[in-house]
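> have a look at this fold, sequence not included:
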C-alpha cells in the first residue's frame, strides 16, 4: 500500500507526535504507517480522513504488491 | 434475534476472558518480583541452611515467583495501547508459543546427541513438563475454534 501521510501531515504542519496525539495513537504507529511497515485499521484511516479533511483514497492507495 | 444475541454474548465472554491487562506501572512490579525470586534462589544455593524438605519447597516458591514476575511484565499494558501495539503483542505471543514448543522438543535429543559423543551408554532424558506444551497447544486450538464460532454469524 502506498501512502501520502507525510505530505498531508506537512500540509497541516504537524510533527508525527502531534498527529499521533490528535488521532489517539502512539508516535510509533504514525511512523510505521508512513514507512509502510504497518497497515492501519479502517477506523484509524477514517480518523485520519476526518483530520485531513480528505477522502481516505486521497492518501492511501493500493499498489501492485497488494492483490 | 436469538442467535445474534448469543454470538454477541460469546464475543463479550471471550473478550472478557482474553482482554485483561494490568496497568503500565505493573511492569516494574513484575521486574522486581522476577529479580527478587532469582536472587533468592542464588543466595539459597550459597547458604544451604534449610533442611532438604524445606529447601525444595522454597525453591519451588522462588521459581514460581520468577515466572509470576515474568507473567506480570507480559500482561502489563504499554504506556499507549493502540492497534500497532496490539498487533505486536499478538505476534510476540505467536512466536513465543511456537518457538518454545520447538525448542523443548529438540532439547532432549540435542542433549542425548552430545552425551552419546562422550559416553557409550547415553540415556534419553527430557523435561518432565513436556505435557504442558500439549496443554498449551490444545488450549490455543480450542480457543481458536471457539473464537471462530463466536465471529461466525449464520
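Looks like it came in fine. Just so it is clear, the structure is predicted and the values come from calculations on it, not from any experiment.

> from the centroid of chain B, which residue is nearest?
residue B:71 (7.1 Å; Cα atoms, centre = their mean).

> what's near enough to touch the nearest residue to that one once chain neighbours are set aside?
Spatially, and ignoring its direct neighbours in sequence, residue B:71 is nearest to residue B:30 (7.2 Å; Cβ to Cβ, 6 or more residues apart in numbering or on different chains). C-beta: built from backbone N, CA, C; applies to glycine. Residues in contact with residue B:30 (Cβ atoms under 8 Å, 6 or more residues apart in numbering or on different chains) are B:68, B:69, B:70, B:71, B:72, B:73, B:74, B:76.

> shouldn't the residue nearest to the centre of chain B be within a helix?
Yes: Residue B:71 forms part of a helix when assessed by DSSP: H, G, I helix; E, B strand; the rest coil.

> what residues does chain B put near chain A?
B:78, B:79, B:80, B:82, B:83, B:84, B:85, B:87 (Cβ under 8 Å from any Cβ of the partner chain).

> thought the third one was touching residue A:25?
Spelled out, that is residue B:80. Yes: Residue B:80 is within contact range of residue A:25, at 7.0 Å (criterion: Cβ atoms under 8 Å).

> and these two? Which one has more around it.
Applying other Cβ atoms under 10 Å in any protein chain shown to residue B:80 and residue A:25 shows that residue A:25 carries more neighbours, namely 22 against 16.

> which element is residue A:6 on?
helix A:5-11 (DSSP states H and E).

> wait, does that helix contact chain B?
No: taking Cβ under 8 Å from any Cβ as the criterion, helix A:5-11 and chain B are apart, separated by no less than 14.0 Å.

> helices or strands next to that helix in the packing?
Packing partners of helix A:5-11 (3 or more Cβ pairs under 8 Å, 6 or more residues apart in numbering or on different chains; DSSP states H and E): helix A:27-34, helix A:42-52, helix A:56-59.

> any idea how far it is from the chain center?
The chain centre lies 9 Å from the centre of helix A:5-11; the measure is Cα atoms, centre = their mean, to the nearest Å.

> helices and strands of the chain: which one bottoms out on pLDDT?
You didn't pick a chain, so chain A it is. Sorting the helices and strands of chain A by mean pLDDT, DSSP states H and E puts strand A:2-3 at the bottom, at a mean of 89.

> that's the other chain; I wanted chain B
Lowest on mean pLDDT, DSSP H and E among the helices and strands of chain B sits helix B:2-18, with a mean of 65.

> tell me the first helix or strand C-terminal of it.
helix B:26-46.

> returning to what we had before: what's the closest of the contacts of residue B:30 to chain A?
Nearest to chain A among these is residue B:76, at 15.8 Å by Cβ to the nearest Cβ.

> just checking, that closest one touches residue B:31?
No: counting by Cβ under 8 Å, residue B:76 does not reach residue B:31; the two are 9.8 Å apart.

> neighbour count: these two, which is higher?
Ranked by neighbour count (other Cβ under 10 Å), residue B:76 and residue B:31 place residue B:76 first, with 18 against 15.
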